[in-house]
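Enquirer: Got a predicted structure here, sequence first:
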Amino acid sequence: MINRPIIALDFPSKMEIDTFLKLFPADEKLFVKVGMEIFYQEGPEVVRWLRSLGHDVFLDLKLHDIPNTVSRAMERIAGLGVAITNVHAAGGIEMMTAAKAGLVKGTPQGQAVAQLIAVTQLTSTSEEQMQHDQLITASLEESVLNYAKCAKVAGLDGVVCSALEANKIHGVTSDDFMCLTPGIRPAGAAVGDQKRVVTPALAKEIGSNAIVVGRPVTQAANPYEAYQAIKNEWNGVK
Ligand code: C5P
């Protein structure tokens, strides 16, 4: 289990991230998520900068391409010293296996290999859309579970999923297969555009191994206080 909630740094530039991080005590080492928006704006340098401040990074770029290309991209990502990164399970078992191999190959000696997780069906995809656009006749849940099994076969460490799916995913993979779950809202917080949200305590109870939290921290009046409250709830500290 990852004890710290992973904070989604959904900001348009490094400057906003810097301002945000200054709201935390300097010695508070965070686990942050860097997504496409900020990565495409600032490039890999933003990851190096966050690492130099002592923060752990989940690089959420959701790679999906031919195995050779993904493998080579993962070699580059491995050099950034991220703790977690990801691919789309839709790329297939061969692509995921190649991604993992690239990550291992590119990891400098003495450094831990980043955990590699898969995105199954995006939570923005409805069952109807999946069946129409992807010509998948199974249910959305069957597709998610199938992708999780493929990720496990490919030697990945887990998946990004809804906390509500974590239990079933563990059932078809293993208890130690990481279910990293966004869509987390402390009781009473604004839901925003998320449809199916759960509290940190419930996420833990129903099998999440790590939680990703964005706006409940980044948009809070006091982000550090909001972070501490979510962290305590996630860790069962009263
Ligand atoms: O602000 P909020 O807590 O909703 O942010 C959640 C973060 O997790 C965002 O960066 C969002 O893109 C990401 N995410 C998600 N649902 C997924 C995958 C990623 O909310 N299925």
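Expert: Structure received.

Enquirer: Grab the nearest non-local neighbour of residue 202.
Expert: If the residues on either side of it in the chain are set aside, residue 202 comes closest to residue 163, at 7.0 Å by Cβ to Cβ, 6 or more residues apart in numbering. For glycine as for every other residue, the C-beta is placed from the backbone atoms N, C-alpha and C.

Enquirer: unless I'm mixing things up, the one you found is touching residue 181, no?
Expert: Yes: using Cβ atoms under 8 Å, residue 163 is in contact with residue 181, at 4.3 Å.

Enquirer: circling back to that earlier point, tell me who's in contact with the residue nearest to residue 202.
Expert: Each residue near residue 163 by Cβ atoms under 8 Å, 6 or more residues apart in numbering is listed here: 179, 181, 183-184, 198, 202-203, 206-208, 211.

Enquirer: Neighbours of the closest residue to the ligand within the chain, how many?
Expert: Going by Cβ to the nearest ligand atom, the ligand is nearest to residue 214 of the chain, at 2.5 Å. Using other Cβ atoms under 10 Å, the number of residues around residue 214 comes to 19.

Enquirer: ok, so what distance separates it from residue 117?
Expert: For residue 214, the distance to residue 117 equals 17 Å [Cβ to Cβ, to the nearest Å].

Enquirer: residues contacting the spatially closest residue to residue 24 that is not a sequence neighbour?
Expert: Once flanking residues are discounted, residue 24 sits nearest to residue 224: 5.2 Å by Cβ to Cβ, 6+ apart. Contacts for residue 224 (Cβ under 8 Å, 6+ apart) come out as 23-25, 28.

Enquirer: CA atoms only: put the strand or helix carrying residue 224 into CSV for me.
Expert: For residue 224, the host element (DSSP states H and E) is helix 223-234. The C-alpha coordinates for helix 223-234 follow below in CSV (Å, rounded to 0.1, in the frame of the first residue of the first chain):
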residue,chain,number,x,y,z
PRO,A,223,-4.3,22.5,0.7
TYR,A,224,-1.9,21.3,3.4
GLU,A,225,-4.8,20.8,5.9
ALA,A,226,-6.9,19.1,3.3
TYR,A,227,-4.0,16.8,2.4
GLN,A,228,-3.4,15.9,6.0
ALA,A,229,-7.1,15.1,6.6
ILE,A,230,-7.2,12.9,3.5
LYS,A,231,-4.0,11.2,4.5
ASN,A,232,-5.2,10.5,8.0
GLU,A,233,-8.5,9.1,6.7
TRP,A,234,-6.7,6.9,4.2
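
Enquirer: quick check, nearest of the contacts of residue 163 to residue 81?
Expert: residue 211 (22.3 Å; Cβ to Cβ).

Enquirer: quick revisit: shared neighbours of residue 163 and residue 181, anything?
Expert: Each of 198, 203, 208, 211 lies in contact with both residue 163 and residue 181 under the rule Cβ under 8 Å, 6+ apart.

Enquirer: Need the pLDDT of the last one.
Expert: Per-residue pLDDT puts residue 211 at 98.

Enquirer: tally of neighbours for it?
Expert: Residue 211 has 26 neighbours, counted by other Cβ under 10 Å.

Enquirer: Is it in a helix, a strand, or coil?
Expert: Following DSSP: H, G, I helix; E, B strand; the rest coil, the label given to residue 211 is strand.

Enquirer: for it, what are its contacts?
Expert: Applying Cβ under 8 Å, 6+ apart to residue 211 gives the contacts 5-6, 163, 180-182, 184, 200, 203, 230, 234.
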